[in-house]
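J.: my questions are about this predicted structure, shown below with the sequence.
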Amino acid sequence: MSMTVKGNKYLSCFAAGLTTLHKLSLESQDGNETLSFQPWESLNELFLGNYNSIVPVGAKEGEQSITPTKCQSLEISKVFPSNTSLWFWKCFTFLNSLCIKNWDSLIYWPEEVFSFLNCLEHINVIECPNFLGSKLESTVGTSITEVLLPKLQCLLIDNCPNLVEIPKCSLSIQELDIQCCSKLHYLPEWLGNMVALKWLKIWECESFNTLPLSMGDLARLESLLIIGCPNLAYLPEGMEGLKALKQLSMRECPKIRALPEGLLQQVKNLNQLWIEDCPHLERHFRKYGKYRHLISEIQLTNVGEESTSNLLKDLVLAFPSCKNTCFSARS
């Protein structure tokens, strides 16, 4: 059973009495309402939108212990149950997917909140204009930070224009997807510790200019997509360690003049190669270019206007986007 309630607090109270709900969407009409919240045992997917604040049903905040829900997917838009509302997050200890959208009050990676969410596998942070990322010094200490989100597999950060520091991730993460973050300049050196990482995408980050030297430690990396980064002028040495790399896409990075020797060693082992709007690289990979001999065995190639297939479609299908994990309880 699914239910959508928009702008009617009485219906919201009615929904709280239903015991067979599996999918629920609650949204304030004007953004001035307070949501009286209690978990539903049967609930699997929940969307909360545009509330001024969230308080527990029947008690003031902190006065009531709430039984955790078995909810797997939570999307919250334009409302932020802050660190002082830890009772709320304790309801979601079984949560698998979290989508945070349009939180103006989200500034730093909420480590204290995430300390309760040990089952999380997918996190999407979308259109949070004031989100800066991690603090320079962790508020909970290095030892705790290292064990936060022990099951996290996928992190998407999309359209957060003030992001400057990627949050430190669990060693279990397999996909890191950063899109439209105009102030992000670099990925940190600790990225090389993410030994389970399989997919890395940097998309439309106009200030981005540095990949870490530790990139070569990502021995399980299968897909590397760098698109729309006009200030990226070089890739680091040491990338011969990318033994599992099968997909490489470099697009709209006009300052890159060449690939490092270590990465060139892996090119002949690729299944898919896409080079576009990178004029120096395109010249090297075209007929008579110095890299041309490396691509004769690659199944799918797109170099400028030269293409062996509809590579755009193939690459999109091959790259598992975190966005697909962000459910919509409103659908």
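T.: That came through, no problem.

J.: quick check on Glu112: phi, psi?
T.: Per-residue torsions, Glu112: phi -70, psi -40 (degrees, to the nearest 10).

J.: how far away is it from Glu297?
T.: 51 Å (Cβ to Cβ, to the nearest Å). Where you see a C-beta, it was placed from the backbone N, CA and C, and this is true even at glycine.

J.: the two: who's more crowded?
T.: Using other Cβ atoms under 10 Å, the more surrounded residue of Glu112 and Glu297 is Glu112, with 15 against 11.

J.: I'd say that one and Lys135 touch.
T.: No: using Cβ atoms under 8 Å as the test, Glu112 is too far from Lys135 to be in contact (11.9 Å).

J.: confirm for me that Thr210 is in contact with Leu187.
T.: Yes: the pair Thr210 and Leu187 passes the contact test of Cβ under 8 Å, sitting 7.2 Å apart.

J.: those two: which has the busier surroundings?
T.: A direct count of neighbours by other Cβ under 10 Å for Thr210 and Leu187 places Leu187 higher, at 20 against 16.

J.: out of everything not next to it in sequence, what's closest to that one?
T.: Leaving aside its sequence neighbours, Leu187 sits nearest to Pro212 (Cβ to Cβ, 6 or more residues apart in numbering; 5.4 Å).

J.: neighbours around the one you found, how many?
T.: Residues lying near Pro212 (other Cβ under 10 Å) number 17.

J.: phi, psi of it?
T.: Here Pro212 shows phi and psi, under degrees, to the nearest 10, equal to phi -70, psi 150.

J.: which secondary structure element contains Leu273?
T.: strand 272-276 (DSSP states H and E).

J.: helix or strand next in line after that strand, which one?
T.: That would be, after strand 272-276 and using DSSP H and E, helix 279-285.

J.: direction included, what does the helix or strand that that next one is followed by pair up with?
T.: Using DSSP H and E, the helix or strand that follows helix 279-285 towards the C-terminus is strand 300-303. Strands that pair with strand 300-303, judged by DSSP bridges, come out as strand 272-276 (parallel), strand 306-307 (antiparallel).

J.: out of those, deepest packed?
T.: Ranked by mean neighbour count under mean count of other Cβ atoms under 10 Å, the strands paired with strand 300-303 are led by strand 272-276, which reaches a mean of 23.

J.: what is the rounded mean pLDDT of it?
T.: Averaged across strand 272-276, the pLDDT comes to 95.

J.: just give the closest residue to Trp190, not the sequence neighbours.
T.: That would be Lys168: by Cβ to Cβ, 6+ apart, it lies 6.4 Å from Trp190.

J.: follow-up on the earlier one: surely the residue nearest to Leu187 and Glu189 touch.
T.: Yes: counting by Cβ under 8 Å, Pro212 does reach Glu189; the two are 4.6 Å apart.

J.: got the strands paired with strand 300-303 as TSV, with distance to Lys23 columns?
T.: Shown next, in TSV, are those (distance: least, Cβ to Cβ, whole Å):
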stretch	distance to Lys23
strand 272-276	36
strand 306-307	42
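
J.: so which of those comes closest to Ile54?
T.: Proximity to Ile54 (Cβ to Cβ) singles out strand 272-276 among those, at 44.2 Å.

J.: got a pLDDT number for Asn209?
T.: pLDDT for Asn209: 97.

J.: so it sits against Asn231, correct?
T.: Yes: look at Asn209 against Asn231 with Cβ under 8 Å: they come within range, at 4.5 Å.

J.: picking up where we left off before, where does the residue nearest to Leu187 land on pLDDT?
T.: For Pro212, pLDDT reads 96.
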